[in-house]
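Colleague: Any chance you could fold what I've pasted below:
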Amino acid sequence: QVQLVESGGGLVQAGDSLRLSCAASGRILSDGAMGWFRQAPGKEREAVATINRFGGFTYADSVSGRFTISRDIVKNTLYLQMNSLKPEDTAVYYCATSDSYYSTLLREYAYWGQGTQVTVSS
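Modeller: Numbering: from 1, shown residues only. Presented below is the predicted three-dimensional model:
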């Protein structure tokens, strides 16, 4: 059974940083693509950052240059370093993993964590 557990969310002020973690069990994360997604109240879930099986990554335009996705293969953990946070980054953040090597679309991800809340005050 695949389990993904996110942590690291919280309430911060604009300009602050947070680091989200996603610990996996029941699956080797690096066997497939991995990603961070977020969902703000009243909005659809959207992709924030993804990393493929071979280490290549993509970022949403809204976070490019501020967020960094990374993974620790030994710890089987995915990370999202978020710098220069803005109020519009407020959302529940989810990590997910795919059975495919390259997956950038939400529908391609089969395994999801429960989410962690990030709230950025102005």
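Colleague: For the helix or strand encompassing residue 120, which helices and strands make contact with it?
Modeller: According to DSSP states H and E, residue 120 maps onto strand 116-121. On a contact count with 3 or more Cβ pairs under 8 Å, 6 or more residues apart in numbering; DSSP states H and E, strand 116-121 meets strand 10-13, strand 18-25, strand 91-97. Backbone N, C-alpha and C define where each C-beta goes, glycine included.
Colleague: Spatially central, which residue of this protein would that be?
Modeller: Centroid-nearest residue in the chain: residue 36, 2.1 Å away (criterion: Cα atoms, centre = their mean).
Colleague: Show me what that one bridges to in the sheet.
Modeller: For residue 36, the beta-bridge partners under DSSP bridges are residue 49, residue 95.
Colleague: Give the full set of residues in contact with the residue of the chain positioned farthest from its centre.
Modeller: Residue farthest from the centre of the chain, counting by Cα atoms, centre = their mean, is residue 122 at 22.4 Å. Residue 122 makes contacts with 13-14, 87, as judged by Cβ atoms under 8 Å, 6 or more residues apart in numbering.
Colleague: got it, and residue 85?
Modeller: Counting by Cβ under 8 Å, 6+ apart, residue 85 makes contact with 12, 14-18, 66, 118, 120.
Colleague: Could you give me the ChimeraX syntax to select whichever of those residues are buried?
Modeller: Restricted to buried positions by 16 or more other Cβ atoms under 10 Å, the ChimeraX selection for the contacts of residue 85 reads:
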select :12,18,118,120
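Colleague: Out of the helices and strands packed on strand 116-121, which gets nearest to residue 80?
Modeller: Proximity to residue 80 (Cβ to Cβ) singles out strand 18-25 among these, at 4.3 Å.
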